[in-house]
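Enquirer: the following block contains a protein sequence and its predicted model.
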Amino acid sequence: MPSRSYRELIKLAYKKTTHRRGWAESFNLFCCRNLERNYKKWEVIGTEKACLEIGGGKFPHILHNLSGNWKKVTVDVSSEDVRDEGRLLKVTGNASSLPFSNTTFDRIVAIHSLEHILNLDQTCHEFSRVLKTGGILSVILPCDPGFLWSIAQLFSRRQVGMSRKEYDYFLANQHVNPVYNVLAILNFHYVQKHLDYYPLTILPFRHLNFTIVGHWQKP
């Protein structure tokens with residue numbers, strides 16, 4: 001069978017995973033809850049603040065996981081237009097050139113998005129520009145490459161219905177930043193405040209876990 005194009009593979013992956021349920025979805029929700037639980041150590045209650053989510057897509061994390069006193073904004077290259085949905089403002093844009101003024105946000109959330117960004121160093125400069133001093137960057141990352149994560153991809157490939165060659169090609173285009181490079185760049189630009197590996201938190205090694213959940217602060 002001829003290999004499908006990258007665009008076709010993206011559509012296939014999106015169709016198969018958008019409404020996915022089961023252990024993978026439950027695990028992602030578990031990580032998101034822990035992201036917020038750990039963030040509350042620095043949250044100042046009772047003041048109106050602004051949070052930007054990078055690549056929120058159709059199911060933004062901040063819409064349902066942040067309290068009502070936050071101004072919530074998402075930026076995504078796939079947003080069809082700029083619209084205010086009451087509790088959430090969706091903006092079309094690129095993470096490496098954010099359409100916002102300096103020191104606009106108290107917090108930035110990036111869930112499974114930094115591994116996709118081609119120029120992550122430039123993007124971190126943009127994050128620093130729009131973050132206020134002391135602002136928090138909250139991140140969830142896949143442990144890619146890692147042994148346990150790679151094993152899980154064998155099941156993910158079957159779930160989305162791709163051949164081994166197609167899936168390897170798809171991931172090579174999607175995950176352009178290995179997790180150890182992402183961590184090195186984040187630790188260069190910001191102060192690491194908290195870092196957890198899941199599911200084996202007591203063994204903080206990428207080869208033994210699926211996901212990293214962390215917070216960094218703009219100095």
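Expert: Received, thanks.

Enquirer: elements contacting the helix ranked longest in the chain?
Expert: Counting by DSSP state H, the longest helix found in the chain is helix 23-39. Counting contacts by 3 or more CB pairs under 8 Å, 6 or more residues apart in numbering; DSSP states H and E, helix 23-39 is packed against helix 61-65, strand 105-111, strand 131-142, strand 191-198, strand 211-217. C-beta coordinates here come from the backbone N, C-alpha and C atoms, glycine included.

Enquirer: can you rerun that using 6 Å?
Expert: In this structure, helix 23-39 packs against strand 131-142, strand 211-217, with contacts taken as 3 or more CB pairs under 6 Å, 6 or more residues apart in numbering; DSSP states H and E.

Enquirer: can you put these in TSV and add mean neighbour count, mean pLDDT and distance to E43?
Expert: What follows is the helices and strands packed on helix 23-39, written out as TSV (neighbours: other CB atoms under 10 Å; pLDDT from 0 to 100; distance: least, CB to CB, whole Å):
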stretch	mean neighbour count	mean pLDDT	distance to E43
strand 131-142	20	96	9
strand 211-217	22	97	11
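
Enquirer: of all those, which lies closest to S113?
Expert: Across those, the minimum distance to S113, taken as CB to CB, is reached by strand 131-142, at 8.5 Å.

Enquirer: give me the sheet partners of the closest one and which way each runs.
Expert: Based on DSSP bridges, the pairing partners of strand 131-142 within the sheet are strand 105-111 (parallel), strand 211-217 (antiparallel).

Enquirer: and that strand, how far out from the chain's middle?
Expert: Here the centre of mass of C-alpha atoms in strand 131-142, compared against the chain's by CA atoms, centre = their mean, to the nearest Å, lies 11 Å away.

Enquirer: what sits up against it?
Expert: Strand 131-142 is contacted by residues 31, 35, 39, 42, 103, 105-112, 127, 149, 179, 182, 212-218 when judged by CB atoms under 6 Å, 6 or more residues apart in numbering.

Enquirer: pick out the residue closest to the middle of this structure.
Expert: Taking CA atoms, centre = their mean as the criterion, I111 is the residue nearest the geometric centre of the chain, at 1.9 Å.

Enquirer: measure the residue nearest to that one when sequence neighbours are not counted to D196 for me?
Expert: Computed as CB to CB, 6 or more residues apart in numbering, the closest residue to I111 that is not its neighbour in sequence is I140, at 4.5 Å. Shown here: I140 relative to D196, a distance of 10 Å by CB to CB, to the nearest Å.
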